[in-house]
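Colleague: With the input below, show me the fold.
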Amino acid sequence: MEIDIENYLSDTEIKNIIKNIIIEEFREEIQKSIRKNGVSRFIANLAYQNVFEEINKEAPNFENEIKQKTKEVIENLTSYSVFRKKDLVDNEDSLAQKYLEQSVENNKDIIENKVKDILNDLSKTDISYEISSIIEDKIESLFKGDD
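Modeller: All right, here's what the predicted structure looks like:
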């Protein structure tokens, strides 16, 4: 059995019902977002959206400018700006630092073999010098109070 809704409701009534459904769904999505992320996060997201819209009005080509500036920054990167460990300023290691550490972890067998090869090639004098240097550094740091 088919029911033709247009026999019972006018176009205006149908549009109003659809509009009300959309408004209610929108309200529910906002409430979900607020419950999930909190009011301050929701307001911050709205603020960012407003900022992006203003940027689009003032600088409609900003996306291309950002892409160009990004390329320039990447071309002028140094090892310091790429490989950064977490510190007081940075909340986490840089992405390149994470990749580096993961790569070292993935290749630890190769590194271990290379270290063994180097140790096998060292003379007793070289090993003695390295051990003495480590001991001197440790003693010096103890006297300085670095530990």
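Colleague: what packs against the longest helix seen in the chain?
Modeller: In the chain, with assignment by DSSP state H, the single longest helix is helix 11-37. For helix 11-37, the elements it packs on are helix 39-58, judged by 3 or more CB pairs under 8 Å, 6 or more residues apart in numbering; DSSP states H and E. Every C-beta, even on glycine, is put in place using the N, C-alpha and C of the backbone.
Colleague: List the residues that contact the most centrally placed residue in the chain.
Modeller: For the chain, Leu95 is the residue whose C-alpha lies nearest the centre (CA atoms, centre = their mean; 7.2 Å). Not one residue lies near Leu95 by CB atoms under 8 Å, 6 or more residues apart in numbering.
Colleague: Distance of it relative to Asp137?
Modeller: With distances taken as CB to CB, to the nearest Å, Leu95 is found 32 Å from Asp137.
Colleague: next one: Ile43
Modeller: 53 Å.
Colleague: Following the chain past the lowest-mean-pLDDT helix or strand in the chain, name the next helix or strand.
Modeller: Lowest on mean pLDDT, DSSP states H and E among the helices and strands of the chain sits helix 79-82, with a mean of 80. Counting by DSSP states H and E, the element after helix 79-82 in chain order, helix or strand, is helix 95-106.
Colleague: quick check: mean pLDDT across the longest helix of the chain?
Modeller: What helix 11-37 shows for mean pLDDT is 89.
Colleague: For Glu72, pull up the helix or strand it's in.
Modeller: Using DSSP H and E, Glu72 maps to helix 62-75.
Colleague: If you compare the directions of that helix and helix 39-58, what angle comes out?
Modeller: Computed by axes from the mean of the first three to the mean of the last three CA atoms, to 10 degrees, the angle separating helix 62-75 from helix 39-58 equals 100 degrees.
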